[in-house]
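> the following comprises the amino acid sequence and a computationally predicted model.
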Amino acid sequence: MRRSTDVVPIVSKLYCSSSPTLLMIRKRPVVVNGGGFVVTDSSHKVVFVVDGCGKLGTKGELMVNDGEGESILYIHKKGGIVQALTARSKWSGYSVDYQGQNRLVFSLTDSKSCFASNSAIRISIEPKGQSNFSWDFYINGSFVDKAFTIIDRNNRIIAQVEVQEFIGSKDMYQVWVQSGYDQAFVIGIIAVLDNIFGESTSC
């Protein structure tokens, strides 16, 4: 059983906290800095900035930067004829080190058809040598309503997204990341969902 003090780094242990962490997500208007969204902590400090098509100029590509503007996670959607013929879309996330080298750290698979079987959005930690399972996390709830959770295969909630009642706008919402879990990874998953559902990172 996982202890509360355990650390689960996926992008980097630098983004894991020993206590639950509240992050606020605010969409950027497409006309300002190319869209995407900004992530702040409880003291309103920018901790992540996500750029999408409007900033990068390419569909199906996303970049997660840290609060200093350094790229830490590059995500892209798999393309090609084979992918176009399948009932599911696959996204791959790569950590970016200080030398600009990319290392595959997760993949996300979503259904492109409401008739596809097992249509839950699932995430796998890469490379596969780290897990004996075909998937490690899944999404439960509605991204459109900003009411969903990221859950591991043991049914533990690792992150929960919701709209604050006093704000009343889905352009700003919050995510609780449980202790020990990689916040950059969670933001990367949210970035992919944002793009899948045609929101701030899409064109």
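Good, I have the coordinates.

> so after the least confident helix or strand in the chain by mean pLDDT, what's the next helix or strand?
Within the chain, no helix or strand scores below helix 81-85, which has a mean of 45 by mean pLDDT, DSSP states H and E. Tracing the chain C-terminally past helix 81-85 and defining elements by DSSP states H and E, one meets strand 88-96 next.

> from memory Phe48 sits against Glu68, does it?
No: in this structure, Phe48 is not within contact of Glu68 by CB atoms under 8 Å, at 10.5 Å. All C-beta atoms are positioned from the backbone trio N, CA, C, and that covers glycine.

> give me the more crowded residue out of these two.
Under the neighbour definition other CB atoms under 10 Å, Phe48 and Glu68 were set side by side, and Phe48 has more, 25 against 9.

> helix, strand or coil: sort out the more buried one for me.
Assigned by DSSP: H, G, I helix; E, B strand; the rest coil, the conformation of Phe48 is strand.

> look up the closest residue to Gly35, ignoring the ones flanking it.
Gly54 (3.7 Å; CB to CB, 6 or more residues apart in numbering).

> helix or strand for that neighbour, just tell me which one.
Using DSSP H and E, Gly54 falls within helix 53-56.

> hey, C-alpha coordinates of that helix in PDB?
Provided in PDB are the C-alpha atoms of helix 53-56 (Å, rounded to 0.1, in the frame of the first residue of the first chain):
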ATOM      1  CA  CYS A  53      -1.600  25.500 -31.200                       C
ATOM      2  CA  GLY A  54      -2.000  29.300 -30.900                       C
ATOM      3  CA  LYS A  55       1.600  29.700 -29.600                       C
ATOM      4  CA  LEU A  56       3.300  26.800 -31.200                       C
END
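
> can you name the next helix or strand after that helix?
strand 61-66.

> tilt between that following strand and strand 88-96?
On the basis of axes from the mean of the first three to the mean of the last three CA atoms, to 10 degrees, strand 61-66 is oriented at 40 degrees to strand 88-96.

> partner strands of strand 61-66 and their direction?
strand 46-51 (antiparallel), strand 71-77 (antiparallel) (DSSP bridges).

> mind listing what's buried in the shortest one?
Of the residues in strand 46-51, those buried under the neighbour-count criterion (16 or more other CB atoms under 10 Å) are 47-51.

> and of those, the nearest to Phe148?
Proximity of the buried residues of strand 46-51 to Phe148 was ranked by CB to CB; the top entry is Val50 with 17.1 Å.

> thought that closest one was touching Glu199?
No: in this structure, Val50 is not within contact of Glu199 by CB under 8 Å, at 10.9 Å.

> buried set for the longest helix along the chain?
Ranked by residue count, the top helix of the chain under DSSP state H comes out as helix 183-196. Across helix 183-196, burial judged by 16+ other CB under 10 Å covers 183-196.

> what about dumping the CA coordinates of that helix to PDB?
Output of helix 183-196 as PDB, limited to C-alpha atoms (Å, rounded to 0.1, in the frame of the first residue of the first chain):
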ATOM      1  CA  GLN A 183       2.100  18.100 -10.500                       C
ATOM      2  CA  ALA A 184       3.700  18.600 -13.900                       C
ATOM      3  CA  PHE A 185       2.300  15.200 -15.000                       C
ATOM      4  CA  VAL A 186      -1.200  16.200 -13.800                       C
ATOM      5  CA  ILE A 187      -1.000  19.500 -15.600                       C
ATOM      6  CA  GLY A 188       0.100  17.700 -18.800                       C
ATOM      7  CA  ILE A 189      -2.900  15.400 -18.600                       C
ATOM      8  CA  ILE A 190      -5.200  18.500 -18.200                       C
ATOM      9  CA  ALA A 191      -3.500  20.100 -21.200                       C
ATOM     10  CA  VAL A 192      -4.300  17.100 -23.400                       C
ATOM     11  CA  LEU A 193      -7.900  17.100 -22.200                       C
ATOM     12  CA  ASP A 194      -8.100  20.800 -22.900                       C
ATOM     13  CA  ASN A 195      -7.000  20.100 -26.500                       C
ATOM     14  CA  ILE A 196      -9.200  17.100 -27.000                       C
END
